[in-house]
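**Student:** how would this look folded up:
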Amino acid sequence: MGKIVTFTGGLGAQILSCSAYFFLQQLDGICYSDMSYFNLTQESGRMSSGVSLWDWELSEFGIPLSTFRPHDDVSNKGHLEVLDDANIKKLEFAYAGLQTPSVRNLFLIPDLVKAKCRELLGDKPYACIHIRRGDYLRVADYLVSDRSFSLIIQGLSRVIPHIVIVTDSPLSQEFQNFQERKVADVNITPIVGGNSFLSHAIMRMSSILVCSNSQYSYTAACLMETGSLSLFPKQYLGESRSSEELHDFFAGQSDFMVINNKSSREISRDEVIIF
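**Tutor:** Got it, this is the predicted structure:
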């Protein structure tokens, strides 16, 4: 059965859609794209709901919009399955694509961008943490907290002397105060806003990447070099059926889980696992 892959969102979402499209094209060749998102009008780069609208960003990889066969070319779409962002199968195909060399190689970091990363951060290994806040208003109740990020920075500071924080919003004063108190001896480089393609490359080139619950840092984790370590939030889409599907999907990709040190607070009976 042929497929229509919808394209929406920023760099991470576009990488996933592109990966799913080319993976499916390799499977049976019957694949089309829905690019209607990029025809939406926008004001100052934001929708009224507070969620950003993004331009086409894959041109940096040498992939123009014209690469994809539009679904408008099909007279009878009834026999085609639509893979939109609500369909877990789209993510499954995208992940499979990112593990396939011919698809993965579409997203190689350009040499000039690599050189810019090294110019900014040097040649020594670093850990990178992605903190997403600004345009994720609809899901603010289950974003990873500043406290959780602070604790993981404290842990990383014991094993790596340079930590880069990539974020779309200025760091809170409480977060900055924690850094000054707990990890004063570690070189912390904050990168607030800026070029999304460059920041994505910085995440991909890190030795350890701590993701937020976003497609942006998830795709960076998938495209990291072999031997790198990536950590992904346990909670991705709140409490819903779709979130259960996503939890199962992400759990299927990992061989280990990170256990928090909870000695700083009381542990409830619900958190105790008896073997």
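**Student:** residue ranges with poor pLDDT in the stretch 101-250 of the chain?
**Tutor:** Where the stretch 101-250 of the chain drops to pLDDT under 70, the residues are 134-142, 182, 184, 235-243, 247, 250.
**Student:** ranges for the helices of it?
**Tutor:** 101-104, 111-121, 146-156, 173-182, 196-204, 215-222, 241-251 (DSSP state H, counting those that start in this stretch).
**Student:** can the ones you listed go into a markdown table with extra columns for distance to residue 39 and mean neighbour count?
**Tutor:** C-beta here means a position set from N, CA and C on the backbone, and glycine is covered the same way. Output for these, formatted as a markdown table (distance: least, C-beta to C-beta, whole Å; neighbours: other C-beta atoms under 10 Å):
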| stretch | distance to residue 39 | mean neighbour count |
| --- | --- | --- |
| helix 101-104 | 26 | 13 |
| helix 111-121 | 28 | 13 |
| helix 146-156 | 37 | 17 |
| helix 173-182 | 39 | 13 |
| helix 196-204 | 21 | 22 |
| helix 215-222 | 21 | 24 |
| helix 241-251 | 26 | 13 |
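**Student:** Residue 88 is nearest to which of those helices?
**Tutor:** Of all the helices of the stretch 101-250 of the chain, helix 241-251 sits nearest to residue 88, with 4.6 Å by C-beta to C-beta.
**Student:** What's the per-residue pLDDT of the nearest residue to residue 197 once chain neighbours are set aside here?
**Tutor:** Ranked by C-beta to C-beta, 6 or more residues apart in numbering and with sequence neighbours excluded, the top spatial neighbour of residue 197 is residue 60, at 4.7 Å. We have a pLDDT of 95 for residue 60.
**Student:** Now for residue 60: which residues touch it?
**Tutor:** 110, 113, 197 (C-beta atoms under 8 Å, 6 or more residues apart in numbering).
**Student:** Quick one: those residues as TSV, columns for distance to residue 19 too.
**Tutor:** Shown next, in TSV, are these (distance: C-beta to C-beta, whole Å):
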residue	distance to residue 19
110	18
113	19
197	16
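**Student:** looking at the helices of the stretch 101-250 of the chain, which is closest to residue 92?
**Tutor:** Among these, if distance is taken as C-beta to C-beta, the winner is helix 241-251, at 6.8 Å.
**Student:** is it possible to export the helices of the stretch 101-250 of the chain to CSV including distance to residue 12?
**Tutor:** Listed next are the helices of the stretch 101-250 of the chain as CSV, based on distance: least, C-beta to C-beta, whole Å:
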stretch, distance to residue 12
helix 101-104, 15
helix 111-121, 16
helix 146-156, 19
helix 173-182, 23
helix 196-204, 8
helix 215-222, 3
helix 241-251, 14
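**Student:** closest to residue 131 out of the ones you listed?
**Tutor:** Residue 131 lies closest to helix 146-156 among these, at 5.9 Å (C-beta to C-beta).
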